[in-house]
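S.K.: Sequence and predicted structure are below.
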Amino acid sequence: MATHDHALGLRVSFWVRFCIPSFLGFGLEKREVFEQSLSDAVLAALLYGQEDFRLEQVADPTPAAGDVVIKVTAATTCGTDLKVWRRGGHAKMLSLPTLFGHEAAGQIVALGDEVTGWQLGDRVVANNSAPCLSCFFCKKQEYSLCTDLSFNNGTFAEYLKIPAQIVRHNLLPIPPGVPDAIAAMTEPLACVLHGAARSNTKPGDRVVLLGDGAIGLMFAGALAQLGAEVFFIRRQQRSPSHWTEVWGGANL
Ligand SMILES: [Zn+2]
Ligand SMILES: [Zn+2]
């Protein structure tokens, strides 16, 4: 992941590339020189603090052993992203300024040494974290308590480096026919399916959902598939045609 210093250097170069040549009326030849010197820069959004989000040029990510780099084709905004943006950081996961965003689909464009089972061009979703599988909690299969979780931050960017630990345990192929924008929502959907499974919902149960945001709507679909009758307590009034559009014939 690019450091702040590196990002700053490239930001200056970015300004030089796009502002100075046109201002001074440099010819094509000079522009090409600038282009070449910036061939390792890519566009990314960085979080600097509370509601301080900036689009900048950062170093093109290079995969270390075990890593892969994807070209991001779709990135979605999680409720956690919104919360982190409002608060200006996340004590455990991020140190400012930082690349930001953790839900994305993309295509593999670079493979680090020792990566097996993946090829350039594969369409993938990288989950936002992966456990180490060797600490005290991982050995008890309490993966969410792992003391050495690897995080995947920086999906709001042209390219994203996926850390080796996530490549090993939490990188998923996107099936043909599933659009990238849908695949990018794998992580919140996984949370919903986990919750739905633990709810022990049976056919004919009547279930009340608090809220009809993205997570609420996914819960509605998952619980309706389990045969439940679903009711919403919601902020917005929605027409019956809205529900037909979202979930077809589901029992809502
Ligand atoms: Zn998320
Ligand atoms: Zn662990």
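M.R.: Good, I have the coordinates. Ligands and ions are numbered 1, 2, ... in the order given.
S.K.: Indicate the residue of this structure located nearest to ligand 1.
M.R.: residue 78 (3.0 Å; Cβ to the ion). To be clear about C-beta, it is placed using only N, CA and C from the backbone, and glycine gets the same treatment.
S.K.: Surely that residue touches residue 187?
M.R.: Yes - assessed by Cβ atoms under 8 Å, residue 78 is found in contact with residue 187 at 7.5 Å.
S.K.: intersection of neighbour lists for these two?
M.R.: Common neighbours of residue 78 and residue 187 (criterion: Cβ atoms under 8 Å, 6 or more residues apart in numbering): 102-103.
S.K.: now the most centrally placed residue in the chain, nearest residue through space, not along the chain?
M.R.: Central residue of the chain (Cα atoms, centre = their mean): residue 103, 1.8 Å from the mean position. Excluding the flanking residues, the one nearest residue 103 by Cβ to Cβ, 6 or more residues apart in numbering is residue 76, at 4.5 Å.
S.K.: check contacts around that neighbour.
M.R.: Going by Cβ under 8 Å, 6+ apart, residue 76 touches 103-104, 181, 184-185, 188.
S.K.: give me that answer again for 6 Å
M.R.: For residue 76, the contact set (Cβ atoms under 6 Å, 6 or more residues apart in numbering) comprises 103, 184-185.
S.K.: try residue 222
M.R.: Residue 222 neighbours (Cβ under 6 Å, 6+ apart): 192-193, 196.
S.K.: Next, give phi and psi for the spatially closest residue to it that is not a sequence neighbour.
M.R.: Spatial nearest neighbour of residue 222, excluding adjacent residues (Cβ to Cβ, 6+ apart): residue 196 at 4.1 Å. For residue 196, the backbone dihedrals are phi -60, psi -40 (criterion: degrees, to the nearest 10).
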